[in-house]
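Peer 1: below is the sequence, then the predicted model.
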Amino acid sequence: MWLYIALFLLWMRAGLCKEMTKTLNPIECTADDFTDKLDSGKTLFVYFGHEVSPTISLFLVQLEKSAEILHDYGITVAKVNCSKELVAKFCTGEKLMKKAYLFRSGEILKRFDVDTVFDVNAIVSHALFAILFDEVRYVQSDADLQALERTARGKMDMVLGYVHMLGTQEHRSLMETAFVYGAKYQFIFTTGGPILEDLGVNLSSRSSGVWFLHCMVHKGFMNPVTSDRCPLTPMKKPLSTLGLYSFLQLIEAPLVSEVYDDPNSVQPPQSPHLQVPQLFLFSRTSTKHRDLETATALAWRLRGVALLVLVHRESPAVKTPDEYNAAYRLPGQGSEIMYLTLTKLEDVVEILTNKEMEDEYEEEEEEELHLSDNLDDEIENSVHKNRGNALNMESITHLTSDNFHTSVSQSSLTVALFYLQWDAVSMAFLSSFIETAEKLEDSNVEDVQMAAVDCGEWTDLCSAQPASPLPVPFQPITAFPSILLLRPQESAKHYRGMLGSEALHRFIMLSRPASPVLLSSQEEVMSFLQEVPGGYRPDKVLGLFKTHSHTGVSVFVEAAESLRGEMLTGLLTEELAEKWATDHDVDLPALLVFPSWRKGTPPSPLPLPSSAEELRTRVNAELLHTLPELTVENLPSFLSMGKALLILFVGEEEGEMGQRDNKAVVEEMRRAVGTGGGRMERYLACWIHLGRTPAGVSVLESYVTTLPTLPALFLTHLPSREEIYHYPPNAPIVAQSVLQWLQRVKDGTEPPAGRLGEDHWPPVVPFYDFLSVMDRELPGYAQQKTPKSKVASWDRHVIFPGRFAAEQKVWNSFVGWVGFNQDHGFKCGSWTSCWCHS
């Protein structure tokens, strides 16, 4: 371990440029530094350019995001500002700003058109492909493949990968795996040609594929490979880095395992990458050799589908009745064994193959499009549902650099979606955006214009640098998809809500009225309080001021504008304000808050804060339910309060009695909050319904080793501690008992039930630790090495295990309900929806 740390620190000290910062963003080098480091022989991916132009701004964003990833492969990303530093041969000529360069050993290894390396996947895949060019062989025909098989026979197994297009996620996954396993397997690559027909690929499908070619004589095989061709095993799951690694581990598993225990005593595979069915065949002493031959032949047929175990019946530990000659265990079903009496082996092949096909179909529904690691439910389903279908965009206006100002000026409110056609998240949300536009159109909402900007085509507009002399009312768009609300002569407002049609529709309907609305009569006030725009019942806030010139009016107006779309705000002054102040026994200036969940009760009065931010905070706190239900929508706002979470978990009701029981325990918790008074201010008490929010089950299981009896009460996210406290499971949840339990926690006499996960990002799962994988497969391989190719030497650096953890942050604590994906500019809850981020 210390050796790895030392290697890492030494490598960091030998950084590319003196300007290298702790972040791994592209580094702007001086001409002298670039020349010095180029002579050192390090591998560099460099872009030379003048001032950032509209057409190149999006590329630079992707370049920054790829820097840390390429750093893990020993490639340093840099950029040279040719307007400040003149580098001969690269800072002059027509190709300036249109090319990126890959250097190795002081020489240009590859030139890339900027249009080719258009995103992170493209940059990483093309860079690795260029580095591995002499190691990863390219084939187009079966004759090409057969020639490689003859060369590899008895020496090395091979991995053949097919991707329909370069620069994709699949291409990147194949290159990353080849980088790790290149010394163990010969990787072969194809993008099409006659070989696809020989492999049985559906030419009309755009799906990628991987095949493992067994060209070596493997230990445990009954006979050496004798045919002219290497036996071939297809990878049945979609191509991804994790999927390919799991496939290779499954291939390396023993062809047949022999045991002397009963199948019930044989542990299922512990490694997540070996989660496939186990097939047990029973052998007798008199037929031992024939049984082993049969098992081996069957294992070849089930290669990559199931693990085969040969059970020796002569062992006294085997208790299975003689009437059974086979058994199987499916993954994810514990130790349950299904016993069979087979008359022919085809029966079990059909059972396991059909089961594998069912599982494959289900997994394709979830993984097929390879969205970022944690894009769940609504996003994945939307992309899958609309794949291959052209979207009907007649209900939205297409904004361009030419018509932007004209289109925005002709509508009181323009809702603009900025998207990229090659970004899966953008295209997924585009269908929801169109659905919202059609819903507004059907409702005869004429004062809202729904519009979209394709930032892949109109880069100057998205970079806020259109050719028009008129400035645009927003900053450059760097996260996709992004939604702006545009009004004539006003600055744009970002929509930061959930990425779903219902949430967007609600926000738009609440954004249509002025904020605040100037109310001058009692009738207008009553109409305002009864208003339900679009059928939604929003929260409402009234600001009461003696005059329009009161200094607090500007504070209220600023806060009301920031709250626009979330709630409705109204402004009362003079006699009308004094009347409402008298009726509700408050002094001017004041606020009256009307929570939407509280009906038939007086509003909550608040004094006027000194700042808009404080006003917003107090209003949101007042709108909070006494005991709110925790959902994915309100989770971010709950966590932002910085309070300890007192969470009541209730299960899905079974019948009327279950509903009464859940209602009673929730009411008891509400009584505890009310009885506790000031003592409860430090906690945010809430409850979660596991029937409506099933992902809460995983969170609950992360708190304790076994799922507790419901209802269950937990205290977590204490501001100063990481402990998790579990209310005594055998004690009834009674208000007074809950308060006493909280007091014991405060006094330090209550033992914790566990701890939240530490705030660091190790590999998500053990087999993401590529450094360990490389050392295990070939000791010393993770160190700098000389490639097999004849090209000048270069460094293949350590792949540090934190990279995948940074890409897929699986939180071990309650905050783990939220996954971050800044590549696509949104936060995605691992339940059903996503929300934009600032």
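Peer 2: Done, it's in.
Peer 1: neighbours around residue 749, how many?
Peer 2: Applying other Cβ atoms under 10 Å, we find 8 residues neighbouring residue 749. From N, CA and C alone the C-beta is placed, and that goes for glycine too.
Peer 1: ignore what I typed, I meant residue 283.
Peer 2: The local packing of residue 283 (other Cβ under 10 Å) involves 20 other residues.
Peer 1: same deal with residue 286?
Peer 2: Neighbourhood size, residue 286 [other Cβ under 10 Å]: 9.
Peer 1: how far away is it from residue 292?
Peer 2: Going from residue 286 to residue 292 by Cβ to Cβ, to the nearest Å gives 13 Å.
Peer 1: repeat that for residue 322.
Peer 2: Residue 322 is 20 Å from residue 292, where distance means Cβ to Cβ.
Peer 1: the two - which one has more neighbours?
Peer 2: Using other Cβ under 10 Å as the criterion, residue 322 and residue 292 rank with residue 292 on top: 16 against 8.
Peer 1: what sits against that one?
Peer 2: Residues near residue 292 by Cβ atoms under 8 Å, 6 or more residues apart in numbering: 222, 256, 258, 283, 310.
Peer 1: can I assume it sits in a strand?
Peer 2: No. Counting by DSSP: H, G, I helix; E, B strand; the rest coil, residue 292 is not part of a strand but helix.
Peer 1: can you pull the pLDDT of it?
Peer 2: Note for residue 292: predicted pLDDT of 89.
Peer 1: again, but for the one 3 residues further on
Peer 2: Taken from the predicted model, the pLDDT recorded for residue 295 is 88.
Peer 1: so which helix or strand takes in it?
Peer 2: Using DSSP states H and E, residue 295 maps to helix 288-301.
Peer 1: quick check: buried residues in that helix?
Peer 2: 291, 292, 294, 295, 296, 298, 299, 300 (16 or more other Cβ atoms under 10 Å).
Peer 1: please apply the same query to stretch 553-570.
Peer 2: By neighbour count with 16+ other Cβ under 10 Å, stretch 553-570 contains the buried residues 553, 555-557, 559-560, 563-570.
Peer 1: residue 538: what's it in contact with?
Peer 2: Counting by Cβ under 8 Å, 6+ apart, residue 538 makes contact with 510, 532, 566, 567, 568, 596.
Peer 1: return the set of residues that bridge with the fifth one.
Peer 2: According to DSSP bridges, the partner residues bridging residue 568 are residue 540.
Peer 1: that one against residue 528, yeah?
Peer 2: Yes. Counting by Cβ atoms under 8 Å, residue 568 does reach residue 528; the two are 7.1 Å apart.
Peer 1: what do those two both touch?
Peer 2: By Cβ under 8 Å, 6+ apart, the residues touching both residue 568 and residue 528 are 517, 540.
Peer 1: mind listing the helices for the stretch 601-750 of the chain?
Peer 2: Using DSSP state H, counting those that start in this stretch, the helices of the stretch 601-750 of the chain run over 612-623, 635-640, 655-676, 696-703, 735-747.
Peer 1: one more: the stretch 1-150 of the chain?
Peer 2: Ranges of helices within the stretch 1-150 of the chain are 2-13, 31-39, 54-71, 120-131, 142-152, based on DSSP H, counting those that start in this stretch.
Peer 1: mind listing what's buried along the last one?
Peer 2: Same thing as helix 142-152. Going by neighbour count (16+ other Cβ under 10 Å), the buried part of helix 142-152 is 142, 144, 145, 148, 149, 152.
Peer 1: what sits up against that helix?
Peer 2: Residues contacting helix 142-152 (Cβ under 8 Å, 6+ apart): 137, 139, 158, 160, 186, 188, 194-195, 198, 213, 215, 228-230.
Peer 1: could you dump it to CSV, C-alpha only?
Peer 2: C-alpha atoms of helix 142-152 as CSV (Å, rounded to 0.1, in the frame of the first residue of the first chain):
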residue,chain,number,x,y,z
ASP,A,142,-13.3,-13.5,-41.2
ALA,A,143,-10.0,-14.1,-43.0
ASP,A,144,-8.4,-11.4,-40.9
LEU,A,145,-9.7,-12.9,-37.7
GLN,A,146,-8.6,-16.4,-38.7
ALA,A,147,-5.1,-15.2,-39.3
LEU,A,148,-5.0,-13.7,-35.8
GLU,A,149,-6.3,-17.0,-34.4
ARG,A,150,-3.5,-19.0,-36.0
THR,A,151,-1.0,-16.6,-34.5
ALA,A,152,-2.5,-16.7,-31.0
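Peer 1: now the next helix or strand after it against helix 142-152, angle please.
Peer 2: Scanning forward in sequence from helix 142-152 by DSSP H and E, the next helix or strand is strand 158-162. Inter-element angle recorded for strand 158-162 and helix 142-152: 160 degrees (by axes from the mean of the first three to the mean of the last three Cα atoms, to 10 degrees).
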